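Enquirer: fold the following, please.
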Amino acid sequence: MSRPIQINNHPFRFLLYLEWVLLAIAVITAALPSPSPRFTTKVPELTIFSLVFFGLMGLRLPTSNYFSKIVYTAIEIFLITTTGFFGGRIARLFPFLYIILVTRSCLIFQLPGRLVVTSLSFSLFLLTLRYRLPRAVLPPHAQERLRFFPLSLALIFGLSLIFILLLMNTVISERQSREKLAIANEKLRQYALKIENQATLEERNRIAREIHDSLGHSLTALNLQLETALKLWQSNPDKAQTFLARAKELGSKSLNDVRQSVSTMRSHPLQEQSLEQAIAILLEDFYRSNGISPICQINLEYSLPSDIIISIYRIIQESLTNISKHADASEVKLNLTTTKSSFCLIIQDNGKGFYVRQNTTGFGLQSMRDRTLALGGEFNINSSPGSGCEIIVDIPLLRLTQ
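Expert: As a prediction, the model looks like this:
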């Protein structure tokens, strides 16, 4: 983090509140008079100042400048050591200040720095503990107890520091993982939104081009037929009638083009239908428009994911549209087969064909290719002038169904 950790952006604000509670207890203990001269605070003003200043330092933790981190930690250690040597009876609480120091170091240092601060805290604790042990001559049994007490206290405190260090490392790592995951999810959401917008834009461009190529041409021809009929209406009514009949045909064709464009804009083209039912409707519409009944063989032994079904539907729809507009075919064949590992679609016509290298940049062919590649499949075109056209779509299923 480049910004210092303050109360408004503290990752673990409850720790800050816990520090304040502990330090408030220590300040009150230092301010109250002690009934025993042994536990009287030697310099209460200095002890209270050290505790208050140590608590205020928790309101702003440096995170960017390494030198400022070291100076900050050194000041904290100095204040804790001062409290340990001059704190009197609150010396019983001063080990908890080292725990606060370790938790703060976990927020401002990486793992090596955390280990150094934890080791230094334990060493200073042992030094302060040795300083506060009584130096009077004691009986042998009392000396034995006196040696065992600091050893057990040091062991417990050392294990506590290790536990706090491991706990803070785990919590911080989990928080960082959540932040990275949130960032990744946000990037993924933005990427998905970008892809969706791009797909929408491409679909709009395709619809616009289709309307321009089909509906625009039909309406222009319709307008010319009507203008010619108006000019001939007085002088040659029979010929004008012929132009009107042709205008009516163009109007019907334009209406079919509009319906076709609207149908391609549906967000759910299958409308809760199976792929076989949707293909049957496409073939029926193709027959009504062209008078050709396509030969269709469907062998779907394995179920397909919804994204593949929609893409296959769009590819077949686009292929039939291209055949209607450009192929001048009298025979169309569709073959759909699935295996455990792949799906294969073959669309053939006996139309006039084209040179593949010169005619594969059209919007319809590019849209079919993009849909296939988006699913990790292969898109191939076999065609030549006078030999019709064959479109082959192979899509792997193992990667998509696992």
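Enquirer: drop to CA atoms for contacts and neighbour counts, all remaining ones
Expert: OK.
Enquirer: now do the SS call for residue 11.
Expert: Here residue 11 is recorded as coil under DSSP: H, G, I helix; E, B strand; the rest coil.
Enquirer: okay, now it: neighbour count?
Expert: 14 (other Cα atoms under 10 Å).
Enquirer: was I right about residue 390 contacting residue 382?
Expert: Yes. Using Cα atoms under 8 Å, residue 390 makes contact with residue 382 at a distance of 5.0 Å.
Enquirer: counting neighbours, go ahead and name the busier of those two.
Expert: Under the neighbour definition other Cα under 10 Å, residue 390 and residue 382 were set side by side, and residue 390 has more, 19 against 15.
Enquirer: helix or strand for that one, which one?
Expert: strand 389-396 (DSSP states H and E).
Enquirer: name the residues that touch that strand?
Expert: 341-351, 353-354, 372, 375-383 (Cα atoms under 8 Å, 6 or more residues apart in numbering).
Enquirer: narrow the residues you listed to those in strands?
Expert: 342-349, 378-383 (DSSP state E).
Enquirer: Throw those residues into CSV and include distance to residue 117, thanks.
Expert: What follows is the ones in strands among the contacts of strand 389-396, written out as CSV (distance: Cα to Cα, whole Å):
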residue, distance to residue 117
342, 59
343, 61
344, 64
345, 66
346, 70
347, 72
348, 75
349, 78
378, 59
379, 62
380, 65
381, 68
382, 72
383, 74
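Enquirer: buried subset of those, written for ChimeraX?
Expert: ChimeraX command restricting the ones in strands among the contacts of strand 389-396 to the buried ones, with burial defined by 16 or more other Cα atoms under 10 Å:
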select :342,343,344,345,346,347,348,349,378,379,381,383
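Enquirer: longest helix of the protein?
Expert: helix 140-210 (DSSP state H).
Enquirer: and the helix or strand that that helix is followed by, what's buried?
Expert: Next helix or strand after helix 140-210 toward the C-terminus (DSSP H and E): helix 216-232. Of the residues in helix 216-232, 218, 219, 221, 222, 225, 226, 227, 229, 230, 232 count as buried by neighbour count, 16+ other Cα under 10 Å.
Enquirer: need those residues in a markdown table (columns: distance to residue 78 and pLDDT).
Expert: Shown next, in a markdown table, are the buried residues of helix 216-232 (distance: Cα to Cα, whole Å; pLDDT from 0 to 100):
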| residue | distance to residue 78 | pLDDT |
| --- | --- | --- |
| 218 | 89 | 68 |
| 219 | 89 | 76 |
| 221 | 93 | 73 |
| 222 | 94 | 78 |
| 225 | 98 | 81 |
| 226 | 99 | 85 |
| 227 | 99 | 85 |
| 229 | 104 | 85 |
| 230 | 104 | 87 |
| 232 | 108 | 85 |
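Enquirer: could you single out the nearest of those to residue 288?
Expert: Nearest to residue 288 among the buried residues of helix 216-232 is residue 218, at 18.2 Å by Cα to Cα.
Enquirer: would you map out the domains in this protein?
Expert: Following automatic domain parsing, the chain resolves into domains at 5-189, 269-402.
Enquirer: nearest to residue 199, out of those?
Expert: Proximity of these to residue 199 was assessed by Cα to Cα; the nearest stretch is domain 269-402, lying at 10.1 Å.
Enquirer: the closest one: how far from the chain's middle?
Expert: How far domain 269-402 lies from its chain's middle: 33 Å, per Cα atoms, centre = their mean, to the nearest Å.
Enquirer: repeat that for stretch 4-22.
Expert: On Cα atoms, centre = their mean, the centre of stretch 4-22 falls 30 Å from the chain's centre.
Enquirer: ends of it, how far apart?
Expert: Terminal residues of stretch 4-22 are spaced 23 Å apart (Cα to Cα, to the nearest Å).
Enquirer: could you do stretch 346-354 as well?
Expert: Length of stretch 346-354, first residue to last, Cα to Cα: 18 Å.
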